[in-house]
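Novice: What follows is a predicted protein model with its sequence.
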Amino acid sequence: MKVKVAILGCSGRMGRNLIQAAIEHKSIELVGGSVRVGSSFENFDLGEIAGIGAINKKTTTDYQTLLTADVLIDFTSIDATLEHIQWCKQHNKALVIGTTGFSDLQVETIKAAGEHIPLVLAPNTSVGVNLLFKLLEITAKAIGDYTDIEIFEAHHRFKKDAPSGTAVKMGQVIADTLGRDLNKVAVYGREGISDERDASTIGFATVRAGDIVGEHTAYFADIGERIELTHKASSRMTFALGAMRAAFWLSEADAGYYDMQDVLGLKD
């Protein structure tokens, strides 16, 4: 049995990778993809958008044509995703969300939607990154209490949110493990001369340049030694393939709010 998948916002950089990943996945059937009203890609062949040749399925602005999908995948924008959630609730459709930059209040809205439909919210769908989250938890348990913790991330010039959703999730995993409130201990950049570093803080540094797909490093630094946990992505396909894995898993899940740790079976 194949899981029927539709991709929301399929003409963007991630959308094109998602199309290719869906077509190549042996357990996924791509049934459609949406673009915004007025898009120059309206009524385009999905395969041609992805650069892999025609597959005789066209983009649409009419979401009703996507009702055959079991799972929808959304890597669009905050406002668009929040609208898509309401549509999925109305039509009882499972949803994988890769959009980032949500506020705490918006995340609560997404969690509430999980009471009605199966939903995965993942700031990063890469399998490697989600293994990194687990390693961060292990490291924080072992040495987080006495090391200085800093998180570095770099992305391409077109990324709008900073720090990245992945970097924030890294900080959240560490803070939760240590019993800290990330909203109180996060430091987003440093400028000028200030007091000595507060040992309880978690620092974030951001780079936006060129075509960097995604790089993340967490530093646990003590006097005399440090541990660096790093993930580097060289292709967006790693995120697209992870999203397909999430869609396949979600197709058999009950209504609920999930993340990639659930998908990968990494939760204790």
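Specialist: Done, it's in.

Novice: what's near enough to touch Phe204?
Specialist: Counting by C-beta atoms under 8 Å, 6 or more residues apart in numbering, Phe204 touches 150-153, 163, 167-168, 171, 186-189. No exception for glycine: its C-beta is placed from N, CA and C like everyone else's.

Novice: Please enumerate the strands of the stretch 101-250 of the chain.
Specialist: For the stretch 101-250 of the chain, the strands defined by DSSP state E, counting those that start in this stretch cover 118-121, 148-155, 186-188, 202-208, 214-222, 225-233.

Novice: Deepest in the core, which of these is it.
Specialist: strand 118-121 (a mean of 24; mean count of other C-beta atoms under 10 Å).

Novice: How far off centre is the longest helix belonging to the chain?
Specialist: In the chain, assigned by DSSP state H, the helix with the most residues is helix 127-143. The chain centre lies 17 Å from the centre of helix 127-143; the measure is C-alpha atoms, centre = their mean, to the nearest Å.

Novice: For that helix, buried residues please.
Specialist: Neighbour counts using 16 or more other C-beta atoms under 10 Å place 127, 129-130, 132-133, 136-137, 139-140, 143 of helix 127-143 among the buried residues.

Novice: What of stretch 72-79?
Specialist: For stretch 72-79, by 16+ other C-beta under 10 Å, it's 72-77.

Novice: cool, stretch 91-101 as well?
Specialist: 93-101.

Novice: about what we covered before: can you redo the strands of the stretch 101-250 of the chain as a markdown table with distance to Tyr63?
Specialist: Shown next, in a markdown table, are the strands of the stretch 101-250 of the chain (distance: least, C-beta to C-beta, whole Å):
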| stretch | distance to Tyr63 |
| --- | --- |
| strand 118-121 | 17 |
| strand 148-155 | 30 |
| strand 186-188 | 37 |
| strand 202-208 | 32 |
| strand 214-222 | 29 |
| strand 225-233 | 30 |
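
Novice: Nearest to Glu252, out of the ones you listed?
Specialist: Closest approach to Glu252 among the strands of the stretch 101-250 of the chain (C-beta to C-beta): strand 118-121, 8.7 Å.

Novice: Paired strands for the closest one, with orientation please.
Specialist: Here strand 118-121 has these sheet partners by DSSP bridges: strand 94-97 (parallel), strand 256-258 (parallel).

Novice: in which helix or strand would I find Ile7?
Specialist: strand 3-8 (DSSP states H and E).

Novice: and the closest residue to Thr238 other than its chain neighbours, how many neighbours?
Specialist: Once flanking residues are discounted, Thr238 sits nearest to Ser126: 4.7 Å by C-beta to C-beta, 6 or more residues apart in numbering. Neighbourhood size, Ser126 [other C-beta atoms under 10 Å]: 23.

Novice: Quickly note the distance from Ser126 to Leu264.
Specialist: Noted for Ser126: a distance of 11 Å to Leu264, by C-beta to C-beta, to the nearest Å.

Novice: care to break the chain down by domain?
Specialist: 3-121+236-263, 127-233 (automatic domain parsing).

Novice: from those domains, which stretch is densest packed?
Specialist: domain 3-121+236-263 (a mean of 19).

Novice: taking the mean pLDDT, what do you get for that one?
Specialist: Averaging pLDDT along domain 3-121+236-263 gives 95.

Novice: next one: that domain to chain centre, how far?
Specialist: The answer for domain 3-121+236-263 is 12 Å, by C-alpha atoms, centre = their mean.

Novice: and that domain, how far apart are its ends?
Specialist: End-to-end distance of domain 3-121+236-263 (C-alpha to C-alpha, to the nearest Å): 15 Å.

Novice: now swap in stretch 171-187 and tell me
Specialist: End to end - C-alpha to C-alpha - stretch 171-187 spans 11 Å.

Novice: Need the contact partners of that stretch.
Specialist: By C-beta under 8 Å, 6+ apart, stretch 171-187 touches 104, 133, 136-137, 140-141, 144-145, 149, 151, 168, 198, 200-204, 218.

Novice: so where's the stretch 101-250 of the chain uncertain?
Specialist: 193 (pLDDT under 70).

Novice: circling back to that earlier point, make TSV out of the strands paired with strand 118-121 and add distance to Met244.
Specialist: Formatted as TSV, the strands paired with strand 118-121 follow (distance: least, C-beta to C-beta, whole Å):
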stretch	distance to Met244
strand 94-97	9
strand 256-258	15
